[in-house]
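*Asks:* Have a look; sequence and predicted model below, questions after that.
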Amino acid sequence: MARRSGRRARRKRRKREGVAAVQSVTLSHEPPFVCLRRWLQKRGFSSRLLLPAHFSDTGRGLLSLTALQPGELLISLPESCLLTTSTVLKSYLGQYIKRYTVQVQACFNEVSRCYEVHSLQGCHKFQQAFICYGPHDNQRLLLEYGFVAPDNPHGVVYVEEGLLQKCVCAEGRGQLEQKLLFLKQHDLLQNLTFGVDGPSWRLMTVLRLLSLRPEHYPQWKSVLQGAAVSEETEQLSVLMAAHTCQLLLQDTATILDQISRLREQCDRVLREQLEVVAQLRQEEQGILGSSLDVLRRLQAHSQAE
């Protein structure tokens, strides 16, 4: 029988092969988790497969207590445990499950009346189990799961209809109500965003339509297809986008200042929640700053021509 290598030999082998050993420390003894576990157990939930832990490479996550097989049921959360997005149960779990890697499938089972999470790829014993949240921006992650993902590639800042009305240039205010009604009828006032690469195509299309002069109204279909109607319309739409971005930056700076003052006056629990909101706003501030740089380059290029 081959002799098993000891811990020191295994560490040497990992070092020789260039594989960094990932360390994990269980967090199941922490008071928030103890309270959560008791609350869940009263409502019929129990899990012996996963534990919250801190990993040396990724931070907090879920530690598998046994080897997980593809298709295995990891979590079955009774309907009585499901809460709304404004509560803490969901926010707490969200702190521990944060990865974009697709390794699980989650849905509500109408037969068992439980929210079930199944493994897709399996997981070795004492490794971290990941869940895929899909292409969500940080605002949606915060509202639905209670956490913000650093360097989220899907990060955007939303633009509301009321702000658009404030940013319409004098040249584009003709028949503003009719233009807005047209945009609503065609469902074009939803999901208007700024990203790190500038305003979205949808936002710029709306701004072009709002910038149209009466003589260009018959060309609205061309605008919806992304065509430039005139140089004047393009310049107005970029100007409106820059103005909108600046207003959002001012609003974000004001809110961050308010959050900073509130954190000095509140208790620890509220302070932690405010820190998450501040993190979201700081990310939005960076996105808006990048968008504004893009728009200013467009304006400079247009003026140079």
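*Replies:* Structure received. In this text, all values refer to a predicted model and were calculated from it rather than measured experimentally.
*Asks:* would you list every one of the helices in the stretch 151-300 of the chain?
*Replies:* Defined through DSSP state H, counting those that start in this stretch, the helices belonging to the stretch 151-300 of the chain, from first to last, are 161-167, 176-185, 201-211, 220-224, 231-263, 268-304.
*Asks:* between the ones you listed, which gets nearest to residue 124?
*Replies:* Closest to residue 124 of those is helix 268-304 (Cβ to Cβ; 31.6 Å). For every residue, glycine as well, the C-beta is placed using N, CA and C.
*Asks:* Check which residues of the closest one are buried.
*Replies:* If you call a residue buried by 16 or more other Cβ atoms under 10 Å, then helix 268-304 has these buried ones: 274, 276, 278-281, 283-285, 287-288, 290-292, 294-295, 298.
*Asks:* Likewise for stretch 183-195?
*Replies:* When neighbours are counted by 16+ other Cβ under 10 Å, the buried residues of stretch 183-195 are found to be 183, 188, 189, 192, 193, 194, 195.
*Asks:* Now the second one: closest residue in space, sequence neighbours ignored.
*Replies:* Nearest residue to residue 188 in three dimensions, chain neighbours excluded: residue 206, at 5.6 Å (Cβ to Cβ, 6 or more residues apart in numbering).
*Asks:* What pLDDT does the model give that neighbour?
*Replies:* Here, the pLDDT recorded for residue 206 equals 90.
*Asks:* how close does it get to residue 191?
*Replies:* Residue 206 sits at a distance of 10 Å from residue 191 (criterion: Cβ to Cβ, to the nearest Å).
*Asks:* Likewise for residue 260?
*Replies:* When distance is defined by Cβ to Cβ, residue 260 is 30 Å away from residue 191.
*Asks:* Can you tell me which of the helices of the stretch 151-300 of the chain is nearest to residue 25?
*Replies:* Between residue 25 and those, the shortest separation by Cβ to Cβ is 20.4 Å, and it involves helix 268-304.
*Asks:* thinking again about what came up before, so what's the residue nearest to residue 188 up against?
*Replies:* Taking Cβ atoms under 8 Å, 6 or more residues apart in numbering, we find residue 206 in contact with 164, 183, 188, 189, 192.
*Asks:* Let me know the closest of those residues to residue 47.
*Replies:* Sorting these by how near they are to residue 47, with Cβ to Cβ, puts residue 192 at the top with 41.2 Å.
*Asks:* domains for this protein, by residue range?
*Replies:* Per the record, the chain has its domains at 21-132, 157-304, by automatic domain parsing.
*Asks:* So, low pLDDT: which residues of the stretch 151-300 of the chain?
*Replies:* 169-174 (pLDDT under 70).
*Asks:* The same query, at a cut-off of 90, please.
*Replies:* For the stretch 151-300 of the chain, the stretches with pLDDT under 90 are 151-154, 160-191, 205, 208-237, 259, 261-280, 298-300.
*Asks:* quick one on the thing from earlier: distance to residue 141 added to the domains of the chain, as TSV?
*Replies:* Below are the domains of the chain laid out as TSV (distance: least, Cβ to Cβ, whole Å):
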stretch	distance to residue 141
domain 21-132	8
domain 157-304	9
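*Asks:* Residue 138 is nearest to which of these?
*Replies:* Of all those, the one in closest proximity to residue 138, counting by Cβ to Cβ, is domain 157-304 (5.4 Å).
*Asks:* Could you look up the SS state of residue 116?
*Replies:* For residue 116, the secondary structure call by DSSP: H, G, I helix; E, B strand; the rest coil comes out as strand.
*Asks:* For the remainder of this discussion, apply numbering that starts at 15.
*Replies:* Happy to do that; since the first residue is 15 now, the last one works out to residue 130.
*Asks:* Hmm, it is touching residue 121, no?
*Replies:* Yes - in this structure, residue 130 sits in contact with residue 121. The criterion is Cβ atoms under 8 Å, and the distance is 6.6 Å.
*Asks:* Who has more neighbours out of these two?
*Replies:* Comparing residue 130 with residue 121 by other Cβ atoms under 10 Å, the one with more neighbours is residue 130, at 16 against 9.
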